[in-house]
Structures are given as structure tokens and as C-alpha cells.
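> Show me the folded form of this:
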Amino acid sequence: MPSLRPSLRAGRGIRLDPLPSPRESGAMASAAKPRRQAKAKGGLAETTRFLLFLFVFTLFLRTFIIAPFMIPSGSMLPRLMIGDYLFVAKWPYGYSRYAMPFGLGRFEGRYLAGEPERGDIVVFRYPGKDEDWVKRLIGLPGDKVQMRAGQLFLNGRPVTRVRIADFRMPRSANSPCRYVGNYRPAPATDGDGDFCPYPRFRETLPNGRSYDVLDQIHGIADDTPVYTVPAGHYFMMGDNRDDSADSRFTLADQGVGFLPRDNLIGRPVVTFFSTDGSAEWLKPWTWFSAMRWERIGRTF
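Residues are numbered from 1 along each chain as shown. Just a heads-up that it's a prediction; the model follows:
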């Protein structure tokens, strides 16, 4: 005789239901097992599909829309500091094989191409090796570019240059005071700590674009011949004029030379992270103290 157990039913008191026999219980367990296995297999398949979709979406985003970029040097001071992390828009200049991640591109030419403007900060593939660099675009195809006593000339006319207050760069683990030539200012300190002073100027291009540059000394690249930018190329310069390998130097001299149009990758849009280099992985609290909060969110 089957045993009985109480069963509650809302509003109807207690009813006695028969319990299943051991044979029936085994059959029920056997029937449930395949369903659990199917559910487990279905969960693994769903996770795999999700991860594959995430990978494809990230690849599409990085290739055609936006990609991260880290500033490794001080050649673009004062606008960009070592340890700044930028989101770089890929669509403004179109797509060449250098826009493809992981070296996937093997085609020539540029598609959906857009033209940069004088004064743009540009991320590009360095012609000399497989590295991404960042500089400011100064000369367009056909332009004549020259430096005379530290003054920039475009098509025979001087670019407006005004002396402004020194740039006071906070000295940190990844940003020491890096001076060139005989420029050796006295150590400086204020209420926020040590900083590195650099002579700063404001340049304004013929199209109205203005930006700050640093000029420490009268260096070897402050007096140059006239460079005529060939078709399909650009003339790039760093804002830290005495500490930048750029189009004033040939590839043989570790510079950029004239940058081919196909080497353009993108234009920075925003700084999404910045660190002074003092963080330690094993000390999580330093991750926050090392952040340059005031630089995060700065647009271009």
C-alpha cells in the first residue's frame, strides 16, 4: 500500500497524496538526468556564442570606430603627458591596412578616406617600424614648411607665436624633468609638490587653430631648409619642439620624414585615463593615488 503525505492546497486544508514507490522514484530521476545534461550543454553553447559575439563586436569597434592608445613619451608636451590613455576615433581619416588590428590588413590604399586639417593631433603608423606614434599635423600636401630661429614658417609666412606663462609639469615616476641641451632650470616646488618648468609659447595656424608648444633651447632643428610636402604626404611635428623626432628628421635620422597618407590611423577624441606611474599592482590603494584625475575626460 502506498504511503501517504500531507499536501497543502490554498483554501482547502490538508489532503493526503500518495508518495511514489522506489521504482517510480528511480524512473523519475532517470528522466530528469537527460534534461539536466541538456540544460548544461545549452548553457555552455550560450556562453560560447556570447563570448564569440563579444569578440567580434570588440574587433569591429576597434577596427572601424574607436581604439585605445597610450602616450609613451613627452614629445607632445604640454598637451599630452606620459601615462595619458586616449580613445582614438578611426573614422575621420578613413581606413587603410594600418587601421586593421593584429596586422590583419594586407591591402593597399585607403577607403572612405577623409582629409585631416592643419593642427590636428594624429595617431599614425610610424614608417620606420611597426609602432604607432602621435604628432601634430603641420603641413598638408604642397605646403612649404621651414623653421627659422625656432619660428615656424608656412608657405613663406611666419606662424603667429606668443610667449605665455611657463608650463609647470608635475614631476612623477613616469614624468621626470627631461631637459635638452644647456637648458637647466633650478628645481621648483610649490604646494602641490615638485614640478618641471618649460618655456611655453602659443602658436596659431593660418586656419585659426591654436595650441601650446615648448621651446627649451635653440636646437639643431630650429633652423631648417624649406620642406615641400609631396602629394599624398603630410608634415608632422611634436609640440615639445626640442625633444621630438618628427618630420624635420629623416627616417635614417630616426625621424618621421614625410608621412604617407596611408599611415594615418585616427584622431584622439578624449582622455579616458591618466596615471603618474607611481601605482603598484600589489598595493591597490596606489591605483587611485596615482591617477591624474584632472586630465581624465579632456577632449580634443
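> Residue 277 is in contact with residue 290, isn't it?
Yes: taking Cβ atoms under 8 Å as the contact criterion, residue 277 and residue 290 are neighbours in contact, 6.9 Å apart. (Glycine included, C-beta is placed from N, CA and C.)
> Which one's more surrounded, the two?
Set side by side, residue 277 and residue 290 show unequal neighbour counts under other Cβ atoms under 10 Å, the larger going to residue 290 at 19 against 12.
> Would you enumerate the residues in contact with that one?
275-279 (Cβ atoms under 8 Å, 6 or more residues apart in numbering).
> please redo it, this time with the cut-off set to 10 Å
Taking Cβ atoms under 10 Å, 6 or more residues apart in numbering as the contact definition, residue 290 lies against 83, 172-174, 274-280, 283.
> Residue 286 too?
Going by Cβ under 10 Å, 6+ apart, residue 286 touches 275, 278-280.
> Equivalent analysis for residue 66, please.
Taking Cβ under 10 Å, 6+ apart as the criterion, residue 66 is in contact with 86-91, 266, 269-270.
> before we move on, what about residue 199?
With Cβ under 10 Å, 6+ apart as the criterion, the residues that contact residue 199 are 163-167, 183, 185, 213-217, 242.
> Show me the helices in the protein, by range?
The residue ranges that make up the helices of the chain, judged by DSSP state H, are 22-60, 285-289.
> Could you tell me the per-residue confidence at the residue most central in space within the chain?
In the chain, the C-alpha closest to the average C-alpha coordinate belongs to residue 69, at a distance of 2.0 Å (Cα atoms, centre = their mean). Each residue has a pLDDT score; the one for residue 69 is 96.
> how close does it sit to residue 269?
For residue 69, the distance to residue 269 equals 11 Å [Cβ to Cβ, to the nearest Å].
> what touches both of those two?
Both residue 69 and residue 269 are contacted by 86-88, under the criterion Cβ under 10 Å, 6+ apart.
> Need these in a markdown table (columns: pLDDT).
Shown next, in a markdown table, are these (pLDDT from 0 to 100):
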| residue | pLDDT |
| --- | --- |
| 86 | 97 |
| 87 | 97 |
| 88 | 97 |
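> Tell me the pLDDT of the residue nearest to residue 128 when sequence neighbours are not counted.
Counting by Cβ to Cβ, 6 or more residues apart in numbering, residue 128 lies nearest to residue 251, which is 4.9 Å off, once chain neighbours are set aside. pLDDT recorded at residue 251 is 96.
> One more: residue 141?
At residue 141, the model reports a pLDDT of 98.
> gap between it and residue 227?
12 Å.
> Need the overlap of contacts for these two.
Common neighbours of residue 141 and residue 227, using Cβ under 10 Å, 6+ apart, are 235, 258.
> before we move on, the earlier item: put together CSV for the contacts of residue 290, with pLDDT on each row.
Output for the contacts of residue 290, formatted as CSV (pLDDT from 0 to 100):
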residue, pLDDT
83, 97
172, 96
173, 96
174, 97
274, 98
275, 97
276, 97
277, 96
278, 96
279, 95
280, 94
283, 94
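> and which of these is nearest to residue 65?
Of all the contacts of residue 290, residue 65 sits closest to residue 274, with 22.1 Å by Cβ to Cβ.
> was I right about that closest one contacting residue 291?
Yes: under the criterion of Cβ atoms under 10 Å, residue 274 makes contact with residue 291 at 6.7 Å.
> what number of residues lie near residue 259?
When neighbours are counted by other Cβ under 10 Å, residue 259 comes out with 25.
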